[in-house]
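Participant: Using only what follows, build the 3D model:
(chains A and B)
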Amino acid sequence: MAISAKSIEFDHVAPASAGASRQERSERRLATLLLLPAVGFLLLMTIFPTIYSLWMSMQQYNLSRPDLATFVGLRNYGQLLQDDIFWKSVRTTLVFSLAALALQFVFGFLIANMFDRERRGMSVLRTLFIIPVFTSPVALGLTWRYMYQPGYGLINYLLEQVGLPRINWLASTEWALPAVIVADVWQWTPFVALILLAGMQSISPEITEAAELDGLSRAQYMWRIVLPLLTPIIMVVGLIRLIDALKTFDLIYIITRGGPGTATYTLPLHAYSTGFASFLMGPSAAISWVLVIIVNIFATLFLVLLARGEK
Amino acid sequence: MSAMARPGSARGFRGGIVVALIAGVVLLWLFPIYWIVLTSFKTPRIINEKVPVFWFTPTMENYEHLFGDINFGRPLLNSMIVTSATTVIVIVLGLLAAYALGRMDVPGGKHIALWMLSLRFMPPIAIVLPFFIAWQRTGLIDTYLGLILVYVAFNLPFAIWMLRGFLVEVPRDLDEAAMLDGLGHVAILRRIIFPVIAPGVAVTAIFTFVFAFNEYLMALVLTSRNASTVPVTVSKFIQPYTILWGDVGASATIQLLPILVVVFLLQRHIMRGITLGAVK
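Facilitator: Next comes the predicted model:
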């Protein structure tokens, strides 16, 4: 399929033959030389912070008195397990990510389906539709916050016009999380839709014609033919979006700061405020490592899928 | 892509309705952007009006305030410097590495590529603290260089992955033929490969630029007075008792302009970049 296969093909992995010719050896040396700056830089920039933050998660560490840091082993993690806010933020993270993901795919699929026709003007509309993906989460988070304003926000005005009660969206423990999810869905649905669209358009015309000859309706065609064929793409894109949603900080922080109370505390926000507002560096690092572990479960799944798609 | 028929998409009447429907969906989808741009031209009194105002006499006072009292030029300059430097470094290092991974026989090349891809999954929140402490000790805190180093590390893996994807698509016979003609690697790269992948490089550069320009968490923690970027400055429009909506609107509009230009200039290539870079 267009997306996974093309970018994932690893061609020309040479068998390391013992009697490599001089030319091959010099080519290898050149390849190593080309790779060295990027690989070296990335090693330097990732190994140190990773180990450091893992080490920090086992410390009692106050930012203002680094000299008083003491090693406490897994105590920070143990304390997390008994912390209600932590468990709640795990739940909030999963609810946020899974709800956003599900909505992005439902809307993405419906919209891709509409786009999947050869008509004049389609490409302009497609291009316009990409814009949210490129907008700054800070700017668009504030835009949504403006629309959610209880007094002069547009959304409440519209609700009132159709006879529904006004809601104080971001001050309500019930509505704040859905409000944030809507903003994330708004930004990322175009991305999902356009990738699904590319998948739909890579389906060979013969298959489509056969479906038409069999008298399938558009809905049947989508459900019985397109969806199964797109499963690999859906898995790949789904995992990428899921992982990105789990990591989301900016959008939520700008719209609600995690509030009201802890209603929209996801793990990144919890780690941030524990570290940079309460200055509890050890527990903050421990929280983010729980996030790393969760992300890694999905990332491993993703890499396994990639490796399989390659065969 | 030929004009292939798809079930239930017969030309004519129904097609017209579908296009109108999609146009409606897209315009509705973009409404928040229209709304914030509109806000940027409103006076504070109109902004706080209970009934949303669509027609009014536009004012430039928000822009004057933004570049006057707020001194938005400074963070804009900071962001431009940091983001441009990041993009250049990422593209140079990325092209070198992607060329090796995509077109040469590297022992373990596949593992290196997967390792790089996996770096993209690291949650920034998990490593921002070590950078904060390290940058404080080395004097890189609140400097362009400090932020550039972090942004290069964040964007390089994805850039290499994307560039490699574009490079793999160029048939190998091309450079083998050129090699027989006696061209060296540099000449092959410049005369044969680069022209083919130039759009891919442009798209990768744009993605890098946009994501570095929009980045918030790292900039929030690693900069303060000197190197503060646009997103950090904009987030400070949220004040204890009020939000400077006029400034929010004006700054959002300014950030939107280059995106619009680029998206339209490179629309076809961006579509390809998005699909190829499903692995953003």
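Participant: neighbours of the residue lying closest to B:Ala97 once chain neighbours are set aside, just the number please.
Facilitator: Excluding the flanking residues, the one nearest B:Ala97 by Cβ to Cβ, 6 or more residues apart in numbering or on different chains is A:Ala38, at 3.8 Å. C-beta here means a position set from N, CA and C on the backbone, and glycine is covered the same way. Neighbour count of A:Ala38, defined by other Cβ atoms under 10 Å in any protein chain shown: 26.
Participant: tell me which element residue 219 is part of?
Facilitator: You didn't pick a chain, so chain A it is. Using DSSP states H and E, A:Ala219 sits in helix A:218-220.
Participant: Chain B was what I was after
Facilitator: Counting by DSSP H and E, the element that carries B:Ala219 is helix B:217-222.
Participant: what helices or strands is that helix leaning on?
Facilitator: The contact analysis (3 or more Cβ pairs under 8 Å, 6 or more residues apart in numbering or on different chains; DSSP states H and E) places helix B:217-222 against helix A:267-276, helix B:124-138, helix B:144-169, helix B:230-235.
Participant: go with 7 Å
Facilitator: helix B:124-138, helix B:144-169, helix B:230-235 (3 or more Cβ pairs under 7 Å, 6 or more residues apart in numbering or on different chains; DSSP states H and E).
Participant: Please render the ones you listed as JSON lines that adds mean neighbour count and distance to chain A to the earlier fields.
Facilitator: JSON lines is the format used below for the helices and strands packed on helix B:217-222 (neighbours: other Cβ atoms under 10 Å in any protein chain shown; distance: least, Cβ to the nearest Cβ, whole Å):
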{"stretch": "helix B:124-138", "mean neighbour count": "20", "distance to chain A": "4"}
{"stretch": "helix B:144-169", "mean neighbour count": "23", "distance to chain A": "4"}
{"stretch": "helix B:230-235", "mean neighbour count": "24", "distance to chain A": "4"}
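Participant: How much space separates the residue nearest to B:Ala97 from B:Leu163?
Facilitator: 11 Å (Cβ to Cβ, to the nearest Å).
Participant: Kindly report the same for B:Leu145.
Facilitator: For B:Leu145 relative to B:Leu163 (Cβ to Cβ), the value is 24 Å.
Participant: who touches A:Ala99 in this structure?
Facilitator: With contact set as Cβ atoms under 7 Å, 6 or more residues apart in numbering or on different chains, A:Ala99 has these partners: A:Ile181.
Participant: Can you tell me the SS state at it?
Facilitator: Classification of A:Ala99 by DSSP: H, G, I helix; E, B strand; the rest coil places it in helix.
Participant: Would you mind getting the angle between the lengthiest helix in chain B and helix B:144-169?
Facilitator: As assigned by DSSP state H, the longest helix anywhere in chain B is helix B:73-103. Angle between the axes of helix B:73-103 and helix B:144-169 is 30 degrees (criterion: axes from the mean of the first three to the mean of the last three Cα atoms, to 10 degrees).
Participant: what element comes up after helix B:73-103 heading to the C-terminus?
Facilitator: The helix or strand immediately downstream of helix B:73-103 is helix B:109-119, counting by DSSP H and E.
Participant: how about the CA coordinates for that following helix, as CSV?
Facilitator: What follows is helix B:109-119, C-alpha atoms only, in CSV (Å, rounded to 0.1, in the frame of the first residue of the first chain):
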residue,chain,number,x,y,z
GLY,B,109,21.5,0.1,7.9
LYS,B,110,18.0,-1.2,8.4
HIS,B,111,18.6,-1.2,12.2
ILE,B,112,19.9,2.3,12.2
ALA,B,113,16.9,3.5,10.2
LEU,B,114,14.5,1.8,12.7
TRP,B,115,16.4,3.1,15.7
MET,B,116,16.1,6.6,14.3
LEU,B,117,12.4,6.2,13.7
SER,B,118,11.9,5.0,17.2
LEU,B,119,13.5,8.2,18.5
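Participant: Contacts made by it with the rest, please.
Facilitator: Outside of helix B:109-119, the residues within contact range by Cβ under 7 Å, 6+ apart are A:10, A:13, A:35, A:39, A:42, A:46, A:299, A:303, B:101, B:106, B:157, B:160-161, B:164, B:279.
Participant: circling back: and the helices and strands packed on helix B:217-222 as JSON lines, adding distance to A:Glu24 and mean pLDDT?
Facilitator: JSON lines is the format used below for these (distance: least, Cβ to Cβ, whole Å; pLDDT from 0 to 100):
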{"stretch": "helix B:124-138", "distance to A:Glu24": "38", "mean pLDDT": "93"}
{"stretch": "helix B:144-169", "distance to A:Glu24": "20", "mean pLDDT": "92"}
{"stretch": "helix B:230-235", "distance to A:Glu24": "48", "mean pLDDT": "96"}
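Participant: what's near enough to touch the nearest residue to B:Val106 once chain neighbours are set aside?
Facilitator: Spatial nearest neighbour of B:Val106, chain neighbours left out: A:Ala31 (4.6 Å); criterion: Cβ to Cβ, 6+ apart. With contacts defined as Cβ under 7 Å, 6+ apart, A:Ala31 is in contact with B:100, B:104, B:106.
Participant: at 8 Å instead, please
Facilitator: By Cβ atoms under 8 Å, 6 or more residues apart in numbering or on different chains, the contact set of A:Ala31 is B:100, B:104-106, B:109.
Participant: Same question for B:Thr83.
Facilitator: Neighbouring residues of B:Thr83 by Cβ under 8 Å, 6+ apart: B:151, B:209, B:212-213.
Participant: again, only this time at 6 Å
Facilitator: Neighbour list for B:Thr83: B:209, B:212-213 [criterion: Cβ atoms under 6 Å, 6 or more residues apart in numbering or on different chains].
Participant: quick revisit: among the contacts of A:Ala31, list the two that are farthest apart in space.
Facilitator: B:Ala100 and B:Asp105 (9.3 Å; Cβ to Cβ).
Participant: the more surrounded of the two?
Facilitator: The neighbour comparison of B:Ala100 against B:Asp105 (other Cβ under 10 Å) goes to B:Ala100, with 27 against 16.
Participant: For burial, what's the neighbour tally of A:Tyr77?
Facilitator: Neighbourhood size, A:Tyr77 [other Cβ under 10 Å]: 17.
Participant: One more: B:Asp142?
Facilitator: 16.
Participant: where does it land in three-state SS?
Facilitator: Recorded secondary structure, B:Asp142: coil (three-state DSSP).
Participant: can you check A:Gly163 too?
Facilitator: Under three-state DSSP, A:Gly163 falls in the coil class.
Participant: What are the phi and psi values at it?
Facilitator: phi 80, psi 20 (degrees, to the nearest 10).
Participant: tell me the pLDDT at it?
Facilitator: We have a pLDDT of 91 for A:Gly163.
Participant: just A:Arg145 next, same as before
Facilitator: Here the pLDDT value assigned to A:Arg145 is 95.
Participant: Kindly provide the whole-number mean pLDDT of the longest helix of chain B.
Facilitator: 94.
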